[in-house]
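Undergrad: Kindly return the folded structure for what I paste below:
(chains A, B and C)
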Amino acid sequence: MKSLTEYLTFNTKTRRDYINITGQVEKLVAKSGIKEGLCLVNAMHITASVYINDAESGLIKDFDDWLEKLAPHEPVSQYRHNRTMEDNADAHLKRQVMGRGVVVAITDGRLDFGPWEQIYYGEFDGRRRKKVLVKIIGE
Amino acid sequence: MKSLTEYLTFNTKTRRDYINITGQVEKLVAKSGIKEGLCLVNAMHITASVYINDAESGLIKDFDDWLEKLAPHEPVSQYRHNRTMEDNADAHLKRQVMGRGVVVAITDGRLDFGPWEQIYYGEFDGRRRKKVLVKIIGE
Amino acid sequence: MKSLTEYLTFNTKTRRDYINITGQVEKLVAKSGIKEGLCLVNAMHITASVYINDAESGLIKDFDDWLEKLAPHEPVSQYRHNRTMEDNADAHLKRQVMGRGVVVAITDGRLDFGPWEQIYYGEFDGRRRKKVLVKIIGE
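TA: Okay, here's the model as predicted:
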(Lines give C-alpha, C1' and ligand atoms only; values in the text may rest on other atoms or scores of the structure.)
Protein backbone atom coordinates (compact mmCIF):
# COMPACT_ATOMS: atom_id res chain seq x y z
CA MET A 1 0.00 0.00 0.00
CA LYS A 2 1.21 3.48 -0.90
CA SER A 3 0.11 6.75 0.66
CA LEU A 4 0.51 10.49 0.18
CA THR A 5 -0.24 13.20 2.76
CA GLU A 6 -0.35 16.88 1.83
CA TYR A 7 -1.78 20.06 3.31
CA LEU A 8 -3.32 22.97 1.40
CA THR A 9 -3.49 26.42 3.00
CA PHE A 10 -6.18 29.05 2.52
CA ASN A 11 -6.60 32.60 3.80
CA THR A 12 -9.76 34.11 2.36
CA LYS A 13 -10.30 37.87 2.19
CA THR A 14 -13.96 37.58 3.22
CA ARG A 15 -15.68 35.83 6.13
CA ARG A 16 -17.33 33.34 3.77
CA ASP A 17 -15.89 32.06 0.52
CA TYR A 18 -16.12 29.07 -1.82
CA ILE A 19 -12.96 27.95 -3.64
CA ASN A 20 -12.71 25.27 -6.32
CA ILE A 21 -9.79 23.03 -5.30
CA THR A 22 -10.32 20.23 -7.83
CA GLY A 23 -7.16 21.06 -9.80
CA GLN A 24 -5.01 21.06 -6.68
CA VAL A 25 -6.33 17.66 -5.62
CA GLU A 26 -5.87 16.23 -9.13
CA LYS A 27 -2.19 17.24 -9.05
CA LEU A 28 -1.72 15.42 -5.75
CA VAL A 29 -3.37 12.29 -7.12
CA ALA A 30 -0.92 12.37 -10.04
CA LYS A 31 1.98 13.00 -7.66
CA SER A 32 1.00 10.02 -5.49
CA GLY A 33 1.37 7.57 -8.38
CA ILE A 34 -1.61 5.66 -6.94
CA LYS A 35 -3.79 3.98 -9.58
CA GLU A 36 -6.51 2.38 -7.45
CA GLY A 37 -7.46 3.74 -4.06
CA LEU A 38 -9.25 6.35 -1.99
CA CYS A 39 -8.59 10.07 -1.61
CA LEU A 40 -9.74 11.81 1.58
CA VAL A 41 -9.99 15.61 1.46
CA ASN A 42 -11.11 17.37 4.64
CA ALA A 43 -11.08 20.75 6.32
CA MET A 44 -8.77 20.70 9.36
CA HIS A 45 -10.73 23.54 10.97
CA ILE A 46 -14.22 23.15 12.38
CA THR A 47 -15.67 26.29 10.80
CA ALA A 48 -14.97 25.20 7.20
CA SER A 49 -16.07 22.42 4.84
CA VAL A 50 -14.83 20.43 1.90
CA TYR A 51 -17.74 19.36 -0.29
CA ILE A 52 -18.51 18.30 -3.85
CA ASN A 53 -21.02 20.24 -5.92
CA ASP A 54 -21.35 22.52 -8.94
CA ALA A 55 -18.88 25.15 -10.22
CA GLU A 56 -21.71 27.55 -11.06
CA SER A 57 -21.57 31.04 -9.57
CA GLY A 58 -25.36 31.37 -9.20
CA LEU A 59 -25.61 28.14 -7.26
CA ILE A 60 -22.73 29.13 -5.01
CA LYS A 61 -24.62 32.31 -4.10
CA ASP A 62 -27.74 30.17 -3.55
CA PHE A 63 -25.76 27.99 -1.12
CA ASP A 64 -24.54 31.07 0.72
CA ASP A 65 -28.05 32.56 1.05
CA TRP A 66 -29.49 29.22 2.11
CA LEU A 67 -26.84 28.61 4.78
CA GLU A 68 -27.48 32.11 6.14
CA LYS A 69 -31.16 31.25 6.37
CA LEU A 70 -30.53 27.91 8.12
CA ALA A 71 -27.88 29.29 10.50
CA PRO A 72 -27.75 33.13 10.43
CA HIS A 73 -24.60 34.94 11.48
CA GLU A 74 -26.55 37.83 13.05
CA PRO A 75 -27.47 38.50 15.74
CA VAL A 76 -24.30 36.92 17.11
CA SER A 77 -25.81 37.03 20.62
CA GLN A 78 -28.30 34.28 19.69
CA TYR A 79 -25.57 31.65 20.15
CA ARG A 80 -24.11 30.56 23.49
CA HIS A 81 -20.77 29.85 21.83
CA ASN A 82 -20.39 33.55 21.06
CA ARG A 83 -20.30 34.36 24.79
CA THR A 84 -16.76 32.91 24.72
CA MET A 85 -15.34 35.97 22.84
CA GLU A 86 -16.14 34.26 19.51
CA ASP A 87 -18.57 35.43 16.84
CA ASN A 88 -18.40 32.29 14.69
CA ALA A 89 -21.02 29.90 16.12
CA ASP A 90 -22.94 30.10 12.84
CA ALA A 91 -19.82 28.90 10.98
CA HIS A 92 -19.71 25.73 13.11
CA LEU A 93 -23.36 25.05 12.20
CA LYS A 94 -23.01 25.85 8.49
CA ARG A 95 -20.07 23.47 8.32
CA GLN A 96 -22.26 20.58 9.52
CA VAL A 97 -24.73 21.13 6.65
CA MET A 98 -21.97 21.16 4.03
CA GLY A 99 -19.86 18.47 5.71
CA ARG A 100 -16.29 18.17 6.96
CA GLY A 101 -14.89 16.46 3.89
CA VAL A 102 -15.21 13.98 1.07
CA VAL A 103 -13.83 10.59 0.14
CA VAL A 104 -13.27 10.18 -3.60
CA ALA A 105 -12.41 7.00 -5.49
CA ILE A 106 -9.23 6.87 -7.56
CA THR A 107 -9.57 4.67 -10.64
CA ASP A 108 -6.87 4.29 -13.32
CA GLY A 109 -4.85 7.01 -11.60
CA ARG A 110 -7.58 9.66 -11.67
CA LEU A 111 -10.40 11.02 -9.49
CA ASP A 112 -13.38 8.87 -10.48
CA PHE A 113 -15.89 11.66 -11.02
CA GLY A 114 -19.24 12.17 -12.68
CA PRO A 115 -19.61 14.93 -15.30
CA TRP A 116 -20.16 17.89 -12.95
CA GLU A 117 -18.42 16.93 -9.73
CA GLN A 118 -16.05 19.59 -8.43
CA ILE A 119 -14.33 19.73 -5.03
CA TYR A 120 -14.89 22.94 -3.08
CA TYR A 121 -13.37 24.46 0.02
CA GLY A 122 -16.21 26.20 1.84
CA GLU A 123 -14.99 28.86 4.28
CA PHE A 124 -17.44 30.18 6.89
CA ASP A 125 -15.06 32.08 9.19
CA GLY A 126 -12.15 33.22 7.08
CA ARG A 127 -9.61 36.03 7.06
CA ARG A 128 -7.00 33.79 8.70
CA ARG A 129 -4.79 30.87 7.67
CA LYS A 130 -6.59 27.55 7.59
CA LYS A 131 -5.65 24.13 6.26
CA VAL A 132 -7.11 21.29 4.24
CA LEU A 133 -5.74 17.75 4.43
CA VAL A 134 -5.38 15.51 1.38
CA LYS A 135 -4.66 11.86 2.19
CA ILE A 136 -4.42 9.28 -0.57
CA ILE A 137 -4.03 5.55 -0.01
CA GLY A 138 -3.94 2.69 -2.51
CA GLU A 139 -1.68 1.00 -5.00
CA MET B 1 -4.40 -4.60 -1.66
CA LYS B 2 -7.36 -5.58 -3.83
CA SER B 3 -9.98 -3.27 -5.28
CA LEU B 4 -13.28 -3.40 -7.14
CA THR B 5 -14.92 -0.56 -9.06
CA GLU B 6 -18.50 -0.75 -10.32
CA TYR B 7 -21.17 1.67 -11.45
CA LEU B 8 -24.92 1.39 -10.82
CA THR B 9 -27.37 3.22 -13.08
CA PHE B 10 -30.73 4.73 -12.11
CA ASN B 11 -33.46 6.45 -14.08
CA THR B 12 -36.34 7.31 -11.78
CA LYS B 13 -39.84 7.98 -13.09
CA THR B 14 -40.40 10.88 -10.70
CA ARG B 15 -38.37 13.98 -9.89
CA ARG B 16 -37.62 12.71 -6.39
CA ASP B 17 -37.26 9.10 -5.36
CA TYR B 18 -35.61 6.95 -2.70
CA ILE B 19 -34.28 3.53 -3.69
CA ASN B 20 -32.88 0.87 -1.36
CA ILE B 21 -29.59 -0.28 -2.94
CA THR B 22 -28.27 -2.38 -0.04
CA GLY B 23 -28.69 -5.67 -1.91
CA GLN B 24 -26.82 -4.41 -4.95
CA VAL B 25 -23.91 -3.22 -2.81
CA GLU B 26 -23.83 -6.50 -0.86
CA LYS B 27 -23.47 -8.44 -4.13
CA LEU B 28 -20.50 -6.27 -5.14
CA VAL B 29 -18.83 -6.83 -1.77
CA ALA B 30 -19.19 -10.60 -2.31
CA LYS B 31 -17.89 -10.27 -5.88
CA SER B 32 -14.82 -8.32 -4.70
CA GLY B 33 -13.66 -11.18 -2.48
CA ILE B 34 -12.44 -8.55 0.00
CA LYS B 35 -12.66 -9.66 3.64
CA GLU B 36 -11.39 -6.57 5.48
CA GLY B 37 -11.61 -3.10 3.98
CA LEU B 38 -13.68 -0.07 3.14
CA CYS B 39 -16.56 0.34 0.69
CA LEU B 40 -17.27 3.80 -0.75
CA VAL B 41 -20.70 4.33 -2.32
CA ASN B 42 -21.40 7.77 -3.79
CA ALA B 43 -23.70 9.55 -6.20
CA MET B 44 -21.77 10.67 -9.30
CA HIS B 45 -24.28 13.46 -9.92
CA ILE B 46 -24.55 16.54 -7.76
CA THR B 47 -28.35 16.51 -7.46
CA ALA B 48 -28.50 13.07 -5.82
CA SER B 49 -27.34 11.44 -2.59
CA VAL B 50 -26.30 8.11 -1.22
CA TYR B 51 -27.14 7.88 2.49
CA ILE B 52 -27.79 5.31 5.20
CA ASN B 53 -31.06 5.33 7.09
CA ASP B 54 -34.28 3.39 7.63
CA ALA B 55 -36.22 1.28 5.09
CA GLU B 56 -39.56 2.52 6.46
CA SER B 57 -41.97 4.10 4.00
CA GLY B 58 -43.38 6.62 6.49
CA LEU B 59 -39.93 7.90 7.34
CA ILE B 60 -39.01 8.20 3.68
CA LYS B 61 -42.05 10.44 3.17
CA ASP B 62 -41.00 12.40 6.27
CA PHE B 63 -37.56 12.93 4.72
CA ASP B 64 -39.13 14.12 1.50
CA ASP B 65 -41.46 16.60 3.26
CA TRP B 66 -38.64 17.85 5.46
CA LEU B 67 -36.25 18.40 2.55
CA GLU B 68 -38.99 20.32 0.74
CA LYS B 69 -39.36 22.51 3.81
CA LEU B 70 -35.61 23.14 4.13
CA ALA B 71 -35.06 23.72 0.39
CA PRO B 72 -38.37 24.07 -1.51
CA HIS B 73 -38.53 23.32 -5.21
CA GLU B 74 -41.09 26.08 -5.86
CA PRO B 75 -40.96 28.89 -6.73
CA VAL B 76 -38.04 27.96 -8.96
CA SER B 77 -37.33 31.69 -9.48
CA GLN B 78 -36.11 32.01 -5.87
CA TYR B 79 -32.74 30.47 -6.87
CA ARG B 80 -30.07 32.20 -8.98
CA HIS B 81 -28.99 28.83 -10.38
CA ASN B 82 -32.36 28.48 -12.08
CA ARG B 83 -31.66 31.53 -14.26
CA THR B 84 -29.28 29.25 -16.19
CA MET B 85 -32.16 27.32 -17.85
CA GLU B 86 -32.18 24.89 -14.92
CA ASP B 87 -34.96 24.25 -12.41
CA ASN B 88 -32.99 22.01 -10.07
CA ALA B 89 -31.24 24.37 -7.62
CA ASP B 90 -33.26 22.86 -4.78
CA ALA B 91 -31.90 19.42 -5.69
CA HIS B 92 -28.31 20.65 -5.22
CA LEU B 93 -29.26 21.92 -1.74
CA LYS B 94 -31.22 18.83 -0.69
CA ARG B 95 -28.26 16.68 -1.68
CA GLN B 96 -26.02 18.55 0.80
CA VAL B 97 -28.37 17.73 3.70
CA MET B 98 -28.48 14.03 2.81
CA GLY B 99 -24.80 13.82 1.76
CA ARG B 100 -22.92 12.73 -1.35
CA GLY B 101 -22.11 9.23 -0.17
CA VAL B 102 -21.13 6.83 2.55
CA VAL B 103 -18.08 4.83 3.56
CA VAL B 104 -18.93 1.44 5.04
CA ALA B 105 -16.59 -0.99 6.78
CA ILE B 106 -16.21 -4.50 5.41
CA THR B 107 -15.56 -7.09 8.13
CA ASP B 108 -15.35 -10.84 7.51
CA GLY B 109 -16.39 -10.26 3.90
CA ARG B 110 -19.63 -8.41 4.71
CA LEU B 111 -20.93 -4.86 5.17
CA ASP B 112 -20.40 -4.22 8.90
CA PHE B 113 -23.84 -2.83 9.69
CA GLY B 114 -26.00 -2.17 12.70
CA PRO B 115 -29.49 -3.74 12.86
CA TRP B 116 -31.37 -1.12 10.79
CA GLU B 117 -28.75 0.34 8.47
CA GLN B 118 -29.81 0.36 4.83
CA ILE B 119 -28.10 2.14 1.92
CA TYR B 120 -30.35 4.44 -0.09
CA TYR B 121 -30.01 6.26 -3.37
CA GLY B 122 -31.78 9.61 -2.93
CA GLU B 123 -32.76 11.21 -6.23
CA PHE B 124 -33.75 14.89 -6.21
CA ASP B 125 -33.75 15.63 -9.96
CA GLY B 126 -34.58 12.40 -11.72
CA ARG B 127 -36.20 11.27 -14.95
CA ARG B 128 -32.79 10.80 -16.59
CA ARG B 129 -29.91 8.32 -16.38
CA LYS B 130 -27.64 8.87 -13.39
CA LYS B 131 -24.87 6.81 -11.86
CA VAL B 132 -23.64 5.65 -8.47
CA LEU B 133 -20.05 4.56 -7.89
CA VAL B 134 -19.12 1.61 -5.69
CA LYS B 135 -15.41 1.36 -4.85
CA ILE B 136 -14.13 -1.33 -2.52
CA ILE B 137 -10.54 -1.58 -1.30
CA GLY B 138 -8.95 -4.00 1.14
CA GLU B 139 -7.68 -7.55 1.39
CA MET C 1 -2.48 -4.02 4.60
CA LYS C 2 -3.41 -4.19 8.28
CA SER C 3 -6.82 -3.57 9.80
CA LEU C 4 -8.48 -3.18 13.19
CA THR C 5 -12.21 -3.43 13.93
CA GLU C 6 -13.66 -2.39 17.27
CA TYR C 7 -17.08 -1.45 18.64
CA LEU C 8 -17.83 1.18 21.28
CA THR C 9 -21.07 1.00 23.26
CA PHE C 10 -23.11 3.91 24.61
CA ASN C 11 -26.24 4.12 26.73
CA THR C 12 -27.06 7.75 27.43
CA LYS C 13 -29.28 8.79 30.34
CA THR C 14 -31.09 11.43 28.28
CA ARG C 15 -32.82 11.32 24.90
CA ARG C 16 -30.17 13.54 23.33
CA ASP C 17 -26.52 13.69 24.33
CA TYR C 18 -23.12 14.61 22.91
CA ILE C 19 -20.08 12.60 24.01
CA ASN C 20 -16.45 13.33 23.17
CA ILE C 21 -14.96 10.00 21.99
CA THR C 22 -11.63 11.31 20.68
CA GLY C 23 -9.60 9.63 23.42
CA GLN C 24 -11.23 6.25 22.81
CA VAL C 25 -10.50 6.45 19.08
CA GLU C 26 -6.90 7.55 19.70
CA LYS C 27 -6.35 4.47 21.85
CA LEU C 28 -7.61 2.22 19.06
CA VAL C 29 -5.31 3.91 16.53
CA ALA C 30 -2.36 3.19 18.84
CA LYS C 31 -3.55 -0.40 19.37
CA SER C 32 -3.79 -0.96 15.59
CA GLY C 33 -0.10 -0.20 15.06
CA ILE C 34 -1.06 1.43 11.76
CA LYS C 35 1.17 4.37 10.80
CA GLU C 36 -0.40 5.51 7.51
CA GLY C 37 -4.04 4.87 6.70
CA LEU C 38 -7.66 5.78 7.19
CA CYS C 39 -9.87 5.51 10.27
CA LEU C 40 -13.64 5.22 9.80
CA VAL C 41 -15.82 5.98 12.83
CA ASN C 42 -19.58 5.65 12.37
CA ALA C 43 -22.78 5.27 14.35
CA MET C 44 -24.27 1.80 13.78
CA HIS C 45 -27.74 3.10 14.60
CA ILE C 46 -29.71 5.40 12.34
CA THR C 47 -30.81 7.82 15.06
CA ALA C 48 -27.27 8.80 16.07
CA SER C 49 -24.26 10.52 14.51
CA VAL C 50 -20.52 10.59 14.71
CA TYR C 51 -19.21 14.04 13.75
CA ILE C 52 -16.18 16.27 14.24
CA ASN C 53 -16.56 19.68 15.81
CA ASP C 54 -15.74 21.71 18.91
CA ALA C 55 -15.46 20.51 22.53
CA GLU C 56 -17.14 23.69 23.82
CA SER C 57 -20.23 23.31 25.99
CA GLY C 58 -21.93 26.47 24.70
CA LEU C 59 -21.61 25.33 21.10
CA ILE C 60 -22.92 21.87 21.95
CA LYS C 61 -26.05 23.50 23.40
CA ASP C 62 -26.25 25.67 20.24
CA PHE C 63 -26.17 22.50 18.11
CA ASP C 64 -28.92 20.95 20.21
CA ASP C 65 -31.18 24.04 19.96
CA TRP C 66 -30.51 24.36 16.22
CA LEU C 67 -31.30 20.71 15.51
CA GLU C 68 -34.53 21.06 17.48
CA LYS C 69 -35.41 24.04 15.30
CA LEU C 70 -34.62 22.22 12.03
CA ALA C 71 -36.34 18.96 13.05
CA PRO C 72 -38.43 19.37 16.22
CA HIS C 73 -39.23 16.37 18.40
CA GLU C 74 -42.72 17.69 19.29
CA PRO C 75 -45.43 17.30 18.22
CA VAL C 76 -44.49 13.67 17.52
CA SER C 77 -47.68 13.33 15.43
CA GLN C 78 -46.21 15.57 12.70
CA TYR C 79 -44.14 12.64 11.39
CA ARG C 80 -45.55 9.62 9.54
CA HIS C 81 -42.79 7.43 10.98
CA ASN C 82 -44.24 7.96 14.45
CA ARG C 83 -47.47 6.19 13.44
CA THR C 84 -45.42 2.96 13.64
CA MET C 85 -45.32 3.04 17.49
CA GLU C 86 -42.11 5.10 17.32
CA ASP C 87 -41.55 8.65 18.57
CA ASN C 88 -38.08 9.12 17.09
CA ALA C 89 -38.64 10.38 13.53
CA ASP C 90 -36.92 13.66 14.46
CA ALA C 91 -33.83 11.68 15.51
CA HIS C 92 -33.55 10.15 12.02
CA LEU C 93 -33.67 13.66 10.54
CA LYS C 94 -31.25 15.25 12.99
CA ARG C 95 -28.77 12.45 12.29
CA GLN C 96 -28.73 13.41 8.57
CA VAL C 97 -27.70 17.01 9.40
CA MET C 98 -24.86 15.86 11.66
CA GLY C 99 -23.86 12.88 9.50
CA ARG C 100 -23.47 9.15 10.01
CA GLY C 101 -19.74 9.18 10.56
CA VAL C 102 -16.30 10.49 9.74
CA VAL C 103 -13.19 9.28 7.94
CA VAL C 104 -9.99 10.53 9.53
CA ALA C 105 -6.45 10.29 8.15
CA ILE C 106 -3.79 8.50 10.18
CA THR C 107 -0.33 9.99 9.67
CA ASP C 108 2.76 8.87 11.60
CA GLY C 109 0.58 6.63 13.75
CA ARG C 110 -1.79 9.39 14.93
CA LEU C 111 -5.12 10.97 13.97
CA ASP C 112 -4.10 13.76 11.59
CA PHE C 113 -6.14 16.56 13.14
CA GLY C 114 -6.28 20.34 13.05
CA PRO C 115 -6.03 22.27 16.35
CA TRP C 116 -9.67 22.01 17.46
CA GLU C 117 -10.96 18.82 15.85
CA GLN C 118 -12.69 16.48 18.30
CA ILE C 119 -14.75 13.38 17.49
CA TYR C 120 -18.25 13.36 18.99
CA TYR C 121 -20.94 10.75 19.35
CA GLY C 122 -24.25 12.56 18.88
CA GLU C 123 -27.20 10.69 20.35
CA PHE C 124 -30.71 11.74 19.31
CA ASP C 125 -32.75 8.81 20.68
CA GLY C 126 -30.87 7.45 23.66
CA ARG C 127 -31.64 5.63 26.87
CA ARG C 128 -30.73 2.28 25.30
CA ARG C 129 -27.54 0.47 24.23
CA LYS C 130 -26.16 1.65 20.90
CA LYS C 131 -22.89 1.02 19.12
CA VAL C 132 -20.21 2.89 17.20
CA LEU C 133 -17.89 1.16 14.77
CA VAL C 134 -14.19 2.00 14.48
CA LYS C 135 -12.45 0.51 11.45
CA ILE C 136 -8.83 1.30 10.72
CA ILE C 137 -6.97 0.19 7.59
CA GLY C 138 -3.45 0.94 6.45
CA GLU C 139 0.16 -0.05 7.07
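
Undergrad: ok now stretch A:117-135, how far from the chain's centre?
TA: With C-alpha atoms, centre = their mean, to the nearest Å as the basis, stretch A:117-135 stands 4 Å off its chain's centre.

Undergrad: Closest to the centroid, which residue in chain A?
TA: Centre of chain A computed as the mean C-alpha position; nearest residue by C-alpha atoms, centre = their mean is A:V50, 1.8 Å away.

Undergrad: my read is that one is in a strand, agree?
TA: Yes. A:V50: assigned to a strand according to DSSP: H, G, I helix; E, B strand; the rest coil.

Undergrad: contacting residues for it?
TA: Neighbour list for A:V50: A:21, A:41-43, A:99-102, A:119-122, A:132 [criterion: C-beta atoms under 8 Å, 6 or more residues apart in numbering or on different chains]. Every residue, glycine included, has its C-beta placed from N, CA and C.

Undergrad: can you do 6 Å?
TA: A:V41, A:N42, A:A43, A:G101, A:V102, A:Y121 (C-beta atoms under 6 Å, 6 or more residues apart in numbering or on different chains).

Undergrad: Now go through these and say which are in strands.
TA: Cross-referencing these against strands under DSSP state E gives A:V41, A:N42, A:A43, A:G101, A:V102, A:Y121.

Undergrad: want to try JSON lines for those residues, with distance to A:E26, neighbour count and pLDDT as columns?
TA: Output for the ones in strands among the contacts of A:V50, formatted as JSON lines (distance: C-beta to C-beta, whole Å; neighbours: other C-beta atoms under 10 Å in any protein chain shown; pLDDT from 0 to 100):
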{"residue": "A:V41", "distance to A:E26": "11", "neighbour count": "29", "pLDDT": "98"}
{"residue": "A:N42", "distance to A:E26": "17", "neighbour count": "27", "pLDDT": "99"}
{"residue": "A:A43", "distance to A:E26": "19", "neighbour count": "27", "pLDDT": "98"}
{"residue": "A:G101", "distance to A:E26": "17", "neighbour count": "25", "pLDDT": "98"}
{"residue": "A:V102", "distance to A:E26": "14", "neighbour count": "23", "pLDDT": "98"}
{"residue": "A:Y121", "distance to A:E26": "14", "neighbour count": "21", "pLDDT": "98"}
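
Undergrad: Which member of these is positioned nearest B:E6?
TA: Distance to B:E6 across the ones in strands among the contacts of A:V50 (C-beta to C-beta) is lowest for A:V102, with 19.5 Å.

Undergrad: what is that closest one paired to in the beta sheet?
TA: Taking DSSP bridges as the rule, A:V102 bridges to A:V41.

Undergrad: how long is stretch A:83-92 end to end?
TA: Terminal residues of stretch A:83-92 are spaced 15 Å apart (C-alpha to C-alpha, to the nearest Å).

Undergrad: Measure how far it is from the centre of its chain, please.
TA: Distance, centroid of stretch A:83-92 to centroid of chain: 19 Å (C-alpha atoms, centre = their mean).

Undergrad: so what's the residue in chain A that chain C sits nearest to up against?
TA: At 3.0 Å from chain C, A:M44 is the closest residue in chain A, using C-beta to the nearest C-beta. By C-beta under 6 Å, 6+ apart, the contact list for A:M44 reads A:K131, A:L133, C:G114.

Undergrad: re the thing from before, for the residue nearest to the centre of chain A, which non-adjacent residue is closest in space?
TA: Closest residue in space to A:V50, ignoring its immediate chain neighbours: A:G101 at 4.5 Å, by C-beta to C-beta, 6 or more residues apart in numbering or on different chains.

Undergrad: surely the one you found meets A:N42?
TA: Yes. Between A:G101 and A:N42 a contact is recorded at 2.7 Å, counting by C-beta atoms under 6 Å.
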